Structure formats: structure tokens, C-alpha cells
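Undergrad: coords below, sequence missing:
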């Protein structure tokens, strides 16, 4: 028997950063995001040998361990070993040795939530193998606990919930790890138009998001008024985006994205830089009405809203920056698992 899972990556459309503690604990956060047809995959094959073999095919990395209740967290494939250690600690030893193979459609540091989505996929494949009674909120919270608490990786809460639930969601974040996921019923024609006009552009650079997120969190702790006020505006942006998408005011989205991008740059240093600003300005001059850097910022993917047929001019203009455009579709389903 082979056990598999996949979980979708996401694009954050509004409110990014307000899901990060301590801001969301003090003021409450709000984010609007949508999952897309890029995925993290995980496969478990039980083995007769008393070994744990971890293969990350997209990264060209592998590790082999003797069976144990706790595998080393040593900077080598820590996401997989972290999930394994958590599962064993909570549910007891697994029934046999196994090989786990993972693949992600976007590189780490891309800004699409790839690390958290991979954690969700790995939890999903273990749940399928071991028949664990986990609901969507259980999986998302477990992924958060493993990544943020046990592995001490800086970041927010939206990625785990987006990957688990799937679809277009307005998410609220409060003190005490309280999260409310509100699925939005967006008319199909609105989503088709958004897919047509929203370009996903990879800058050909990745970044270490934890550095930016740590600076953002420190600004809140230090009561940096400019940074906190910017986060308040991003929370308001999530409400604006929600209304625009539900009412079908799709061409307002570029303006709303630009509104958020200007405030996001005030949250912490490193979110943008001269190269990213130059790319952004060139896209606007070519016809885009707004955009943003995906995720924490500093690199990775950017998005641009291009009304009418301006997408073609934007694509041609950005060719000189050396990045690439990624095709995608919005998806309705979150993490799924199966066996064969």
C-alpha cells in the first residue's frame, strides 16, 4: 500500500502580516487569501527495514535514520522529521519503517507559503497511513505548532489554514491561537476574471522570510507606531478586498493591492528593495493598476493586476528583469490524501 497527500499553495490578496504574533494577539488580524494549482506533495511507502528514509526530490536532499521515537532536528529536512517526532509523541510509534518522499511546486522562500503547505501535506499523509482522526482545524493548528513552536520557525498563521481548507477564505486571527476561517462564495465569473488579470511573477530570487518577520514582530513589541498603524491599514485592506470580490468589483482589486503594498513596506525593513520597486513601477507603467510582493517580502513571487488586455504589455515589459511568469488556477479544495 502507498499513501499520498497533496496540499495547495496560496496567494495572499490582502491583510498579509496581520496573522503574525504579537500583532494578532493584541489587535486581531484579518487576511484574505486564495489557494492555487501549485502543490506540495507527500508519499509514504512502508518498509520492512527498521529505517526512516526521507527524500525531498525538488531539493535533491535525502536522509536515512534508524527507527527511533525522536529523530534529530539538525537543519537537514527538519520539516519532515519535526512532523514525525510530533506524531510519534502524540500517537505512539508508527507500525513500521517507511520512506517519505516530498515535492513542492515552488521553491522555499517563494512567498507562496511553501514550507507551511509542505508541513500540512506531511501531516496529511501520516494521518492517511495511521488513520488519525484529524479535522481541518486540527491539522492546521498541528502544522502551526510544529513549525512555529516546536521548530521555532518565525512566521504567521495563514499558510497552514489556507493549505488545509483550500478555496478563497477571509481569515480572522485572535489571541490564544483562535482562528476563524470564513469561506467566501465568489461567483465563478469573478474568479475567472481575476485569474485572467492577476499575473503571478517569480522574481528569480528567494529570501529568508524569518528575518523580515522577526523585524516585524519586534516593531510591534517595541510599539513602533508607524509599523503598527501600517498593519491596521492592512487589516482594513482585507475588508476592502472581501467586499470587492463578493460584489464583483474586480477592477477595484488593483487599487486595493496597491493600497496594501504601500503600507506593507512600512511594516519592516527589507520587505521591498530597489530592484523590486523598479519591477513594480515598470509593471504599473505598462498598464497594471496595482500589485504586491507575495508573503513576507524581500523576493520570491510578485503579483500584478492587469485590467483589460494590459497583461500582455506587462509580460513583455518585465522580460528584461529576468524573472518568469507562472500559470495557475484557483482551487476549491485544500489538503487531500488517499491510498493505493
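TA: Thanks, I have the structure now. All of these numbers come straight from a predicted model, not from anything done at the bench.
Undergrad: Quick one: low-confidence residue ranges for the stretch 151-300 of the chain.
TA: Low-confidence segments of the stretch 151-300 of the chain (pLDDT under 70): 205-211, 268-270, 296-298.
Undergrad: ok, which stretches of it are helices?
TA: Remark: helices assigned in the stretch 151-300 of the chain by DSSP state H, counting those that start in this stretch are 158-165, 188-197, 209-221, 225-247, 253-264, 274-285.
Undergrad: looking at these, which is buried most?
TA: Stretch with highest mean neighbour count among these: helix 158-165 (a mean of 30; mean count of other Cβ atoms under 10 Å). For the C-beta atoms, the positions are set from N, CA and C on the backbone; glycine is no exception.
Undergrad: Tell me the gap between it and the middle of its chain.
TA: 7 Å (Cα atoms, centre = their mean, to the nearest Å).
Undergrad: what does stretch 101-110 give?
TA: 11 Å.
Undergrad: One more: stretch 213-223?
TA: 20 Å.
Undergrad: next one: stretch 18-34
TA: The answer for stretch 18-34 is 14 Å, by Cα atoms, centre = their mean.
Undergrad: Same check on stretch 59-69?
TA: Distance, centroid of stretch 59-69 to centroid of chain: 25 Å (Cα atoms, centre = their mean).
Undergrad: which other residues reach it?
TA: 50-56, 71-72, 76-77, 81, 85, 88-89, 93, 97, 108 (Cβ atoms under 8 Å, 6 or more residues apart in numbering).
Undergrad: Narrow those residues to those that are buried.
TA: For the contacts of stretch 59-69, a burial check counting by 16 or more other Cβ atoms under 10 Å picks out 52, 53, 54, 55, 56, 71, 77, 81, 85, 88, 97, 108.
Undergrad: Single out whichever of these has the smallest pLDDT.
TA: Lowest pLDDT among these: residue 108, with 77.
Undergrad: That one and residue 201, how far apart?
TA: 18 Å (Cβ to Cβ, to the nearest Å).
Undergrad: got it, and residue 30?
TA: Residue 30 sits 26 Å away from residue 201, going by Cβ to Cβ.
Undergrad: got it, and residue 94?
TA: Residue 94 is 41 Å from residue 201, by Cβ to Cβ.
Undergrad: between these two, which one's more packed in?
TA: Comparing residue 94 with residue 201 by neighbour count (other Cβ atoms under 10 Å), the higher total belongs to residue 201, at 22 against 18.
Undergrad: ok, the closest residue to that one other than its chain neighbours - contacts?
TA: Sequence neighbours aside, residue 302 is the residue nearest to residue 201 in space, at 4.8 Å (criterion: Cβ to Cβ, 6 or more residues apart in numbering). The contact partners of residue 302, taken as Cβ under 8 Å, 6+ apart, are 201, 203, 276, 279, 280, 283, 291, 292, 293, 294.
Undergrad: Over to the residue most central in space within the chain: give its phi and psi.
TA: The chain has residue 113 as the residue nearest its centroid, 2.1 Å off, counting by Cα atoms, centre = their mean. Note on residue 113: backbone dihedrals following degrees, to the nearest 10 are phi 80, psi 30.
Undergrad: ok, it to residue 93 distance?
TA: Distance of residue 113 to residue 93, computed by Cβ to Cβ: 31 Å.
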